[in-house]
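Novice: Have a look at this prediction, sequence included:
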Amino acid sequence: MTPVDPAPADADPGAEVTGVPGVDRPVCVLVGAPGAGKTTVGRLLAARLGVEFADTDEQIERTAGKPISDIFVDDGEDHFRALERAAVAEALATRRGVLALGGGAVLAESTRELLLGHLVVFLSVELPDAAKRTGLSAARPLLAINPRATMRQLLAERRPLYEEVADVVVPTDRIDPDQVTETVLSALDDLRAQS
């Protein structure tokens, strides 16, 4: 498989996936638990591929006009999950680059169904690295009470869902984001060569 060519500097990042003619969808979708590196690796990956990067959590915050932690407190988790489902559906339909989903996006069966036919990369992370990366902070509302136990439970409950939607699993524990990006690029090349 030939590597995906970077887009020219003046290219419209929303027009078409560079190096994949006729594809009208994200180059890849990143899923994983909080602290897996979806946003960090997503930005690096998009830069390497010369495409746009989008993060559904960032989109939700822009749409709501407040941080996710405030949405949870002010409006509740159910309201946040409804915003998340809408943001994911819109992003999958309109984004053409690298897309990172929030850690809980895969909880919705409708989202898992929407991911069918998309190239999905599960960035896996274990508790020690997830805890270190997230800082188990209040900015992550589900981790506000007994953060370590909650993170352990989230990882256990969500891993099967991440694996269900993933075309490839890329471990991120004790690995530099640049190395993770290289592994994802290699996996994308391998997957495209098989199709």
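Specialist: That came through fine. Numbers count the residues shown, from 1 in each chain.

Novice: C-terminal to the lowest-mean-pLDDT helix or strand in the chain, what's the next element?
Specialist: When the helices and strands of the chain are compared on mean pLDDT, DSSP states H and E, helix 127-134 comes out lowest with a mean of 71. Next helix or strand after helix 127-134 toward the C-terminus (DSSP states H and E): helix 147-165.

Novice: Any idea how far that following helix is from the middle of the chain?
Specialist: Mean C-alpha position of helix 147-165 versus that of the full chain (Cα atoms, centre = their mean, to the nearest Å) differs by 15 Å.

Novice: So what touches it?
Specialist: Helix 147-165 is contacted from outside by 31-35, 103-104, 106-107, 112, 115, 120, 122, 124-127, 130-131, 134, 136, 142-143, 169, using Cβ atoms under 8 Å, 6 or more residues apart in numbering. For every residue, glycine as well, the C-beta is placed using N, CA and C.

Novice: what about the strands in the protein?
Specialist: Along the chain, the stretches classed as strands by DSSP state E are 28-31, 53-55, 98-100, 120-124, 168-171.

Novice: Deepest-packed of these, please.
Specialist: Across the strands of the chain, averaging neighbours per residue (mean count of other Cβ atoms under 10 Å) puts strand 98-100 on top, at a mean of 29.

Novice: Note down every partner strand of it and its orientation.
Specialist: Sheet pairing of strand 98-100 (DSSP bridges) gives strand 28-31 (parallel), strand 53-55 (parallel).
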